[in-house]
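Chemist: Quick one, fold the following:
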Amino acid sequence: MPDTAIGWQRDLSVDQQLALRTAATRLAAEFDGVYGAETVERFLYTSYEQFAGPHAIPNYLPLLAERFARQRLLALARIEGHHRDGRPVVLFLCTHNAGRSQMALGFFTHLAGDAAVAWSGGSEPGTEVNPAAIAAMRERDIDISGEYPKPWTDEIVRAADVVITMGCGDACPVFPGTRYENWDVDDPDGHELPEVRPIRDDLERRVRALLTRLAVPAR
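Modeler: Residues are numbered from 1 along each chain as shown. The predicted structure follows:
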């Protein structure tokens, strides 16, 4: 833990501190030659803060922080020209990042494979992915149970070639030069599985059309 550790960092358990140190070591190795340890730790700890709310499960926080920090560092590397693979990046945004954007992400990742990159986020992230959305996607043999609601950050939005917004309204960030599409899709929040299926099918049609526009073949 850095000497500058303050506030919430002093309240971490020994196990959490160890988990964060281990995560910082892994991330530093992954981004060796691109970003220094100080930058990696800053992204890791600010990512931890994003999830350390009153409803968080402490044992999962270091893992969530590591995954989110990795995504943010990859996004920053794309913005700064350190990572250029030519693949289009799509960002799906909704309010809670618990239903619509997670299902869209699941379809996009499943259909595009390694030919494109997709992320998701929410303006007011929930605490878990909607169980009915998970069940609906499982019927298509797509597992989104390992996903988690998360916010967006400036570097993630700026790194996207296309931002798909679904219900986040004025809260959705707008950056010049980024292509935006607004999808008018029902929110599965509060609905049972039979009511979520049409929403899932609508999202699949939209994602397939998006892949066609991006010239990314669907698997």
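Chemist: Would you mind confirming that N97 is in contact with E128?
Modeler: No. Applying Cβ atoms under 8 Å, one finds N97 not in contact with E128, separated by 10.4 Å. Bear in mind the C-beta positions are built from the backbone N, C-alpha and C, glycine included.
Chemist: Mutual contacts of these two, please.
Modeler: Common neighbours of N97 and E128, using Cβ atoms under 8 Å, 6 or more residues apart in numbering, are P149.
Chemist: Let me see the contact set for the residue nearest to D114 when sequence neighbours are not counted.
Modeler: Distances taken as Cβ to Cβ, 6 or more residues apart in numbering place R87 nearest to D114, at 7.8 Å, with adjacent residues excluded. Neighbour list for R87: D114, A115, A116, V117 [criterion: Cβ under 8 Å, 6+ apart].
Chemist: and which of these is nearest G169?
Modeler: The nearest member of those to G169, counting by Cβ to Cβ, is V117 at 25.3 Å.
Chemist: how close does N97 get to D141?
Modeler: In this view, N97 and D141 are 22 Å apart by Cβ to Cβ, to the nearest Å.
Chemist: What of E49?
Modeler: 36 Å.
Chemist: elements contacting the lengthiest helix in the chain?
Modeler: The residue-count maximum for a helix in the chain (DSSP state H) belongs to helix 193-213. Applying 3 or more Cβ pairs under 8 Å, 6 or more residues apart in numbering; DSSP states H and E, we find helix 193-213 packed against helix 100-112, helix 131-138.
Chemist: Comparing these, which comes out most buried?
Modeler: helix 100-112 (a mean of 26; mean count of other Cβ atoms under 10 Å).
Chemist: now the helix or strand that comes right after that helix against helix 193-213, angle please.
Modeler: Downstream of helix 100-112, the next assigned helix or strand under DSSP states H and E is strand 117-122. Calculated by axes from the mean of the first three to the mean of the last three Cα atoms, to 10 degrees, strand 117-122 forms an angle of 140 degrees with helix 193-213.
Chemist: which residues of this protein score low on pLDDT?
Modeler: 1-10, 53-58 (pLDDT under 70).
Chemist: Next one: the most centrally placed residue in it from P194, what distance?
Modeler: Compute the mean C-alpha point of the chain, and by Cα atoms, centre = their mean the closest residue is S120, 3.9 Å away. Distance of S120 to P194, given as Cβ to Cβ: 24 Å.
Chemist: Now for the closest residue to A133 other than its chain neighbours, how many residues are close by?
Modeler: Leaving aside its sequence neighbours, A133 sits nearest to G99 (Cβ to Cβ, 6+ apart; 4.6 Å). When neighbours are defined as other Cβ atoms under 10 Å, G99 has 33 of them.
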